[in-house]
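Visitor: show me the folded form of this:
(one chain, ligands or ions: 1)
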Amino acid sequence: MLVTHGCFMTSLDMHIHTMSGKCRGLLCAFALVLLLATRSFAAVVVIDAGHGGSDRGTRWNGLSEKNLTLDVAKRVETILKRNGVTTVMTRRTDRAVALESRAAIANRYRNSLFVSIHFNSTRLTAIKGIETYYRSDRGRKVAYTIQQSLISKVSANNRGIKRGNYAVLKHTRGTAVLVECGFISNKAEASRCGSAAHRQKLAEAIARGILRSR
Ligand SMILES: [Zn+2]
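Guide: Residues are numbered from 1 along each chain as shown. Below you'll find the predicted structure:
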C-alpha cells in the first residue's frame, strides 16, 4: 500500500510542476486528503476472540470453542503487530464479554476493522469447512479477501462468504467480519483445529487477508 502511495505522489509531483500555484495547492490538498483517507482505513484492527468465561461457545470432540478462538486471536495479534498494525483485543483472557461491549470497543475507533473469530458446529457431523460473514459492502470485500487467503493457505472445504446478521456485525459501525474457522463437530476438522500448528496456519491466513484488504 505504501509503495503505491509513493508512486502516486511521484507521478503527481511531475504534473504539479506544469500547473499554476492555485491549482497546485488544490491538487496537493486533494492528494493529502486522499492519502490520509486511504491510510486511515482500518488504522486499528480489533481482534475479537469469540465467547469466553461462562460462555464456552460450542463444545465437541474434547474442544471448547472459547479456547480455540482466544488462541487464534492472539496469534493473529502477534502477526499483525509484527507487520506494524495497531491492534486491540476484545479479550486476552478467559472471560465473558457481552456482544454489545465487543462492538462498543470497535466503535471507539474511527475506521476500525473488526474481525471476530469463531469455530463452528452442527449435528450433521459430516459437514466441515470454513466460511466468513459480513454485513456491509466494505465488509463483503474484506470477508472475501480473508476467505480466499484461508482457502489458499489451509486445505479446507470452501463454504464461501455469507451475509450474516450476527450481533457483533450489526452493532459495529465500522467494517466488520466474522470468520468461522472450521467445524469442530467434524472429527477430522476437530483433530486439526486441536493442533497448535494448524491454528498458526489459520492465524497466518487471517492476518494475511487483513493485511491485503487494508
Ligand atoms: Zn462462536
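
Visitor: near the ion, which residues of the protein are found?
Guide: Within the chain, the positions lying close to the ion (CB under 5 Å from the ion) are 50, 57, 118. (Each C-beta comes from the backbone N, C-alpha and C, glycine too.)

Visitor: so which residue is smack in the middle of the chain?
Guide: residue 115 (3.7 Å; CA atoms, centre = their mean).

Visitor: so where's this protein shaky on pLDDT?
Guide: Scanning the chain for pLDDT under 70 picks out 1-41.

Visitor: other residues contacting the helix or strand hosting residue 206?
Guide: Here residue 206 sits within helix 196-213, counting by DSSP states H and E. Outside helix 196-213, the residues that touch it by CB atoms under 8 Å, 6 or more residues apart in numbering are 42, 45, 68, 71-72, 75-76, 78-80, 83, 85, 113, 115, 117, 141-142, 145-150, 152-154, 179, 181-182, 192-193.

Visitor: so the residue nearest to the centre of the chain makes contact with residue 49?
Guide: No - under the criterion of CB atoms under 8 Å, residue 115 makes no contact with residue 49, lying 10.1 Å away.

Visitor: which residues of this protein fall in strands?
Guide: Per DSSP state E, the chain carries strands over the ranges 44-49, 59-60, 63-64, 86-89, 112-120, 130-134, 158-163, 175-183.

Visitor: for the residue of the chain at minimum distance from the ion, list each beta-bridge partner.
Guide: Distance from the ion to each residue of the chain (CB to the ion) is smallest for residue 118, at 3.5 Å. Here residue 118 sits in beta bridges with residue 180, as judged by DSSP bridges.

Visitor: doesn't residue 180 make contact with it?
Guide: Yes - with contact defined as CB under 8 Å, residue 118 and residue 180 form a contacting pair (5.2 Å).

Visitor: the more surrounded of those two?
Guide: Neighbours around residue 118 and residue 180, counted as other CB atoms under 10 Å, are more numerous at residue 118. The numbers are 25 against 20.
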